[in-house]
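need a structure here:
(2 chains)
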Amino acid sequence: GAVVSQHPSRVICKSGTSVKIECRSLDFQATTMFWYRQFPKKSLMLMATSNEGSKATYEQGVEKDKFLINHASLTLSTLTVTSAHPEDSSFYICSASPGGRGLDEQYFGPGTRLTVT
Amino acid sequence: AQSVAQPEDQVNVAEGNPLTVKCTYSVSGNPYLFWYVQYPNRGLQFLLKYITGDNLVKGSYGFEAEFNKSQTSFHLKKPSALVSDSALYFCAVRDHSGGYQKVTFGTGTKLQVIP
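Down below sits the predicted model:
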């Protein structure tokens, strides 16, 4: 149980284009979803927290107009990297939490490797 | 503000030997503590958590961790390491002082189990 999927697993795009990454909770309803960015040999950097049906809460320093997050349903959140640049290349990981007591645990997706050329 | 420190970038241990991956934390209130494991090009997998109760917490794959309030530590341990335990391990903390707060992750410790 508690499986989270991400699609695509890898994507290569050209500079200036936009890329959408999907995060789905497959066997539970995710009240809250999180988007992280992971740099090589670094920890996870929380980008934003999204609750179903409301606007995402972005961490300081994360451009909300560049990283668009939509949490339209209890099983799906999307991250769109708009006008991507090479410095946006990274490993993006989502996680989902069932909420309530389950908010203590986050279930992570397998990650998406974005390469911007 | 809350923070987590994992002082070792890498830990090497021989197969069959006990292993310890260190973690210390700082919160203003009561901590919720977690350990996650990440295999190459994979997302994180939950190993165990401390919320309240017994200081020794048992988790997946034979791992356990001991909460030590006086030392503000939550070290991950396993009595006998397996080669398959080789991975990146993250400690995380959340301050449970009322209301939801984000989880802060440590920088990770690479565990290498040598056959």
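
And the closest residue to A:Thr57 other than its chain neighbours, which helix or strand is it part of?
Closest residue to A:Thr57 apart from its sequence neighbours, by C-beta to C-beta, 6 or more residues apart in numbering or on different chains: A:Thr49 at 4.8 Å. Where you see a C-beta, it was placed from the backbone N, CA and C, and this is true even at glycine. Here A:Thr49, judged by DSSP states H and E, is contained in strand A:44-51.

quick one: strands adjacent to that strand?
As defined by DSSP bridges, the strand partners of strand A:44-51 come to strand A:32-38 (antiparallel), strand A:57-58 (antiparallel).

What average pLDDT does the shortest one get?
Yep, that's strand A:57-58 we're talking about. What strand A:57-58 shows for mean pLDDT is 91.

How about the longest one?
This predicted structure assigns strand A:32-38 an average pLDDT of 92.

pLDDT below threshold where in chain A?
In the predicted model, chain A carries pLDDT under 70 at residues A:1, A:41, A:99-104.

let's go with 50 and repeat that
A:102 (pLDDT under 50).

Kindly tell me how buried whichever residue of chain A sits closest to chain B is, as a neighbour count.
Closest residue of chain A to chain B, C-beta to the nearest C-beta: A:Phe108 (3.7 Å). Neighbour count of A:Phe108, defined by other C-beta atoms under 10 Å in any protein chain shown: 23.

got the contact list for it?
A:Phe108 sits next to A:Val4, A:Ile93, A:Cys94, A:Ser95, B:Tyr36, B:Gly43, B:Leu44, B:Gln45, B:Phe46 when contact means C-beta atoms under 8 Å, 6 or more residues apart in numbering or on different chains.

ok, back up a step: to the chain's geometric centre, what's the distance from the strand holding A:Thr49?
For strand A:44-51, the gap between its own C-alpha mean and the chain's C-alpha mean amounts to 7 Å (C-alpha atoms, centre = their mean, to the nearest Å).
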